[in-house]
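structure of the sequence below:
(3 chains)
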Amino acid sequence: MIAYISNLMVLLGIAVILASSLNLMVGYAGIFSVAHAVFYGVGAYTAAKVALGTTDSFLLATAAAMIVSGAVSFVLAVPVLRVREEYFVVASIGFQIVASTIFVSWGAVTGGMGGLAGIPPASLLGWQMSSSLDYMLLTWGCVVLVVAFIALLVHSPFGRALKAFRDDETAAIALGKDPLVLRVTATTLSGALAAVAGSLYAFHVSFVNPESFTLDYSVLVLAMVIIGGAGSLAGPVIGAVFITVFPALLSFLDIPTLYIGPAEQLIYGLAIVGLMVFWPGGLVSVWKLFTPGRRQATSEG
Amino acid sequence: MIVLLQLFVEGLAAGSLYALAAVGFALIYATTRTFHFAHGGTMLLAAYTFYQTVAVWQWPVALAVLAALVVATLFGVGVDRLVYQPMRRTDASFLTIFAASFGVLIVVTNTVVLLFGNSFYSVDSTLSQGFLVGPIFVTYVNILAVVLAVLLIVALQLFIHRTRTGVVLRAMMDDPALVGIFGLGDRRYGTIAFAIGSALIVPAAILTSYSSGLQPSMGAVITLLAIAGAIVGGIGNLWGAAIGGLLLGIAENLGVWQLSSSWKPAITFGVLLLFLMVRPDGLLGARTRRS
Amino acid sequence: MTALDIRGLRKAFGGNVIIPDVTLALEPGLITSLVGPNGAGKTTLFNLITGFLRPDAGEVIYKGRDLVGLAPQKITRRGVARSFQDLRLFNDMSVFENVLVSQEPSLRLWSRKSRYRHTEAVLERVGLAHQRDTRAADLSYAERKFLNLARIMALDIDLFLLDEPASGLDGPSRKTFHELLASLKDDGHTVLLIEHNLDIVREVSDRIAFLNKGEVMAFDTPERIFADEALTDLYFGTAGRKKESQSCSS
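Residues are numbered from 1 along each chain as shown, chains lettered A, B, ... in the order given. A predicted model of the protein is given here:
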């Protein structure tokens, strides 16, 4: 029982990290991406390679994963964001599809369809992970760090500049802010943080293969952000919980397994459409309707 | 060499269908400034409607085509009326509208999966057969694809240059400001754009059922191709979209000469990325850069 | 030595030539008002100088280098910034954040204390310190105009291009605004002001540049401009001549 819950919590934690890091791009920098699974995957594969080849140190593997994933994000972002960020969406879909093909085809590095297996358990400063409980602690430790970092970013000059861009882009530019630099930085950070989730996944499951890093999963992460509420810190957490827990609820209804996947996705799609039309702020904004608002800055009347 | 020529012919046929999808998308975007991501869903519905009526219910082909047309047009218009227009009334941001469009595509794709399953269908007919032109094998579908695409795109150009409604649409395309304040009731014209754009993709849907078959994932794939074609050709320009779609079809198929067909999307993406880096305005487009 | 050297600037939209030829040498350390009838091209000129529009021909020389072709954010970093007629405040952010965000470098995890102090100083100066936590959208009209000025004052620049910064302000507010503009001059900055309001033009300007149909018709001290009957008739109307008979400061 403990193993089952720990396992679920690890997956939930990974989802929270992915949704929060994607939110940095989507909610704060205003760039839609359907390629987040690529950075998740690149992180996972890199961590796997490090663990299989060099060391089982979680810190080193994750650091390597973040660097490689960040670099890949950077390389994608620079040419595309220079033009129109709306095109980034389309480019990201293409990028995701290509990445999936590469994951499958570049057997020498990724192990092809079979992927990389036999990843040793992680070790963190002498603490050798063995049980699901260990990984759960590690994962949620990372979740806290990642979310705290994003919170720090949001309240930093960087976050303020992004907020200014969301508010009035022309004014921000007139005040000397460079849109490309800000967006590329947000995208690169987003990719690097996703790699943390990748590293956690690789060590926890002890193998990586292309099936976990597909367009479907990218869409799922984007759904978490949109449904939970983009542009807030709590939104992606709520979205991740909703989408990770929801399938468990569905399993109480007697739906044949063949239908569960599409039925879930159908409901997410409907949720997205419904929310965008009525409550673009996502579940977070719906929740705010029922709680007395605490405005950060209030006027005297 | 013969292989290349064969691939070129196939690319021409595929590209013609992509051109239809791209032109439909470009028409909708240029007139209403809506990034109709669910455009691929229109194709999906048309194709599966056609399959269901012709292969399962054994309707005559003409009736099946009509059914597909009706479903596609109703869907396109429906999404505009029920999703985009309410959102534009509340001044939703571009990305919010995009997310909704995206959601619609997810709904359509998964509805199809629930109704038809994930497996691959195809429609048999004499059309899949063909004949030899020298050393090159040309199927009737190939010919139909090119002919239909040319006819329909030319017809569209005539429409927007010669008819009253068409001229209004063209005015909306030239001046985005008109898209908000048009006194004649831009909602009506926006709906017309959605109807035409959606109808244009139906031949592509039907011919694809004959040639490559049907699969739920083709909704997303054709969306990507339509948008990429429109961008490469120069977003907002109909001829550009047609050329862009054609170019992608040819490039994809020529690429198969060296790479396996699973790399086709990679080629599309590669071409798209190349254009975004080197010529972001596309082949025939107006300035895209923010000023 | 000029603060800004505009030579032969030209801009056409389609077949419509908005700016046929603008040549103007701004004198440093002075407040110059750019006046002219509606549609003369004043805001277009601002857009051309600050990179929001690209001219078809001409140069804009600042500190020895041509600004034409540079992106607006780069021009601001060089020391030339503009404000907007429609303000474009960051409505969801507080007064304090509006001023803070304009001057902070954006790639930082935190700002040095000196930035916070500087922000407070600017807010004191424009008289908005008591509203520091108020959302910009919730401010009064006059307060929004002052915040607009505060944002640009917080930047590290030499040349201010202000587009109707004080329009719509009542007497006392306007006076305070003038004092602020004068203080900019005292700090050694150069100001180019688009203004329709005669009083402001008269009270504050060291020089007046008169723009009509995209060309500079006159560029001189206020005394000489107001003494030219043909000019004052053309734009200011007889009201100009009536007011001109009262003594004017320079």
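
and the average pLDDT for stretch A:187-203 is what?
Mean pLDDT, computed over stretch A:187-203, is 96.

name the nearest residue to residue C:2, ignoring sequence neighbours.
Closest residue to residue C:2 apart from its sequence neighbours, by CB to CB, 6 or more residues apart in numbering or on different chains: residue C:25 at 4.4 Å. No exception for glycine: its C-beta is placed from N, CA and C like everyone else's.

for residue 40, the count of nearby residues, please.
Here I'm looking at chain A. Neighbourhood size, residue A:40 [other CB atoms under 10 Å in any protein chain shown]: 30.

actually chain C
Neighbours of residue C:40 (other CB under 10 Å): 23.

with residue B:134 instead?
Around residue B:134 there are 8 residues (other CB under 10 Å).

give the buried residues for whatever helix or strand residue A:21 lives in.
Using DSSP states H and E, residue A:21 falls within helix A:2-23. Across helix A:2-23, burial judged by 16 or more other CB atoms under 10 Å in any protein chain shown covers A:6-7, A:9-23.

averaged pLDDT, that helix. What do you get?
Rounded mean pLDDT across helix A:2-23 is 92.

how far does that helix sit from its chain's centre?
Relative to the chain's own centre, helix A:2-23 is displaced by 10 Å; criterion: CA atoms, centre = their mean, to the nearest Å.

stretch C:184-198 too?
6 Å.

residues in contact with it?
C:3-4, C:26-35, C:42-43, C:46, C:85, C:153, C:157-167, C:174, C:181, C:200-201, C:204-206, C:236, C:239-240, C:243 (CB atoms under 8 Å, 6 or more residues apart in numbering or on different chains).

one more: stretch A:72-87?
A:30-31, A:35, A:38-39, A:42, A:88, A:91-92, A:95, A:180, A:183-184, A:187-188, A:190-192, B:35, B:94-95, B:98, B:231, B:273, B:276-277, B:280, B:288-290.

mind checking which of the residues you listed are buried?
Buried, going by 16+ other CB under 10 Å: A:30-31, A:35, A:38-39, A:42, A:88, A:91-92, A:95, A:183-184, A:187-188, A:190-192, B:35, B:95, B:98, B:231, B:273, B:276, B:280, B:288, out of the contacts of stretch A:72-87.

now the helices for the chain?
In the absence of a named chain, this looks at chain A. If DSSP state H is used as the criterion, the helices of chain A fall at A:2-23, A:36-53, A:58-81, A:85-105, A:107-110, A:132-154, A:157-167, A:169-174, A:179-205, A:215-228, A:234-250, A:257-278, A:282-290.

that's the other chain; I wanted chain C
Along chain C, the segments classed as helices by DSSP H run C:42-49, C:72-78, C:95-103, C:113-126, C:141-153, C:171-186, C:198-204, C:222-227, C:229-231, C:237-244.

same check on chain B?
Under DSSP H, chain B gives helices at B:2-32, B:39-51, B:61-79, B:85-89, B:94-116, B:140-162, B:164-174, B:178-181, B:186-211, B:218-233, B:238-255, B:264-278.

lowest-confidence stretch among those?
helix B:178-181 (a mean of 60).

flag every residue of chain C that's near chain A.
Counting by CB under 8 Å from any CB of the partner chain, chain C comes close to chain A at C:50, C:52, C:71-74, C:76-77, C:81-84, C:88-94, C:97, C:100-102, C:104-111, C:133-135, C:138-139, C:151-152, C:155.
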